Every structure is written in C-alpha cells, then in structure tokens.
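Engineer: Got a sequence here, can you model it:
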Amino acid sequence: MEIGAMVIAVAGVAGTLGGALLTQRGAERAKRREIELVRAHEAKRENQALRRTCYTDLNRDARQFTTALNRHLHVLRERGVEDADRAALDTAKDAFRDRYSEAQMVAPDEVLVPTASVHHALTAVYGQVKRLERGAPDPGESMESAAQAQYGIWGPLREMRAAMRADLGVG
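Structural biologist: Sure, this is the predicted structure:
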C-alpha cells in the first residue's frame, strides 16, 4: 500500500499543479483578449477622431473655397482682378485640395462619393472663373453661368456634410 499511497499522493500533487497551470493559462488568455479589445476600442476611437478632424477641416475649406469663388466673381464684375485677389482664391483652392487629399485616405466610400461631387463642382467653377478672368470663356460661359454654377455648389456641400455627419454617428 505504500506504493499505492505514493501514486495517489503524486497524482494529487500533479493534479494540483496542473490545475494551477491551467488556471494561469486561462487567466493569461482572458487578459490577452481584454488587451486586444481595449486596443481595438482605442484604434476605433482614434480613427473616428481622425475622421472628425478631417471632415471638419474639409467642410470648412470647401465652404471657404465656395465663398472665395463668389468673392472673385464679384471682383471680376466690379473692378477687375488684382494679384491679391488671385492669391486669395488660390489659397482657398489649395487648402481645399489638401483637405480633399486627406479625406481620400481616411473617408469611407459613403463620404467620398459626395465629397468627389463637391470637388468636381468646385474645380469646374474655378476653371470657368479663371477663363472669364483671362477673357477667354468657353462657349456658353458667362458671369451669370459662373455665378449660377457657384451657387449650385451649396447643395452638394450639404450632401457632403450630411454624409460626414452620418459616418460620425452625429446625424
């Protein structure tokens, strides 16, 4: 019986140690899962903060570019364009271009589609305004058609803003 008792004792010690080892492994797995969940949550929050900043800047710069086009059209009508006027319009265009480039890297397709629509509308009006400024408009282009096209940008801007807000869960 001494050998039987010894086997039972060894089995008991092995079971105790094995149980502790299994418990430790389970705790480690649970801790790893918890860390992964926290990291995923942080990454999601950081991504949303990045998109929010990008969308805020893009919305602002698109509106400022639209306003700069409107101002430029008024200057064309009233007095003729000076270098400072050209610089102001180009600064607004460049700022929008930079924000649009950023959005192309972080925004989902649901936001990029209306954003591309705004981009195309703004660049089309910009081209028309520059041709008018040079005195070489395309057939059918006039101050009135440029003003109408510029005014028409506000609708796509609203659609872009609504898509951005929906992506952020705001609206």
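
Engineer: Now do the helices in the protein.
Structural biologist: Secondary structure of the chain (DSSP state H): helices located at 2-78, 83-106, 109-134, 143-151, 154-168.

Engineer: Mean pLDDT and mean neighbour count added to those helices, as CSV?
Structural biologist: Heads up, the C-betas are built off the backbone N, CA and C, glycines and all. What follows is those, written out as CSV (pLDDT from 0 to 100; neighbours: other CB atoms under 10 Å):
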stretch, mean pLDDT, mean neighbour count
helix 2-78, 82, 13
helix 83-106, 94, 16
helix 109-134, 95, 18
helix 143-151, 92, 16
helix 154-168, 95, 17
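
Engineer: Excluding covalently adjacent residues, which one is nearest to residue 91?
Structural biologist: residue 68 (7.9 Å; CB to CB, 6 or more residues apart in numbering).

Engineer: And that neighbour, how close does it get to residue 9?
Structural biologist: According to CB to CB, to the nearest Å, residue 68 and residue 9 sit 88 Å apart.

Engineer: How about residue 19?
Structural biologist: 16 Å.

Engineer: same thing with residue 138?
Structural biologist: On the measure of CB to CB, residue 138 and residue 9 end up 98 Å apart.

Engineer: got it, and residue 49?
Structural biologist: Where residue 9 is concerned, residue 49 sits at a distance of 60 Å (CB to CB).

Engineer: Residue 112 now?
Structural biologist: To residue 9, residue 112 is 70 Å away according to CB to CB.

Engineer: wait, what's in contact with residue 48?
Structural biologist: Taking CB atoms under 8 Å, 6 or more residues apart in numbering, we find residue 48 in contact with residue 168.

Engineer: Noted, bye for now.
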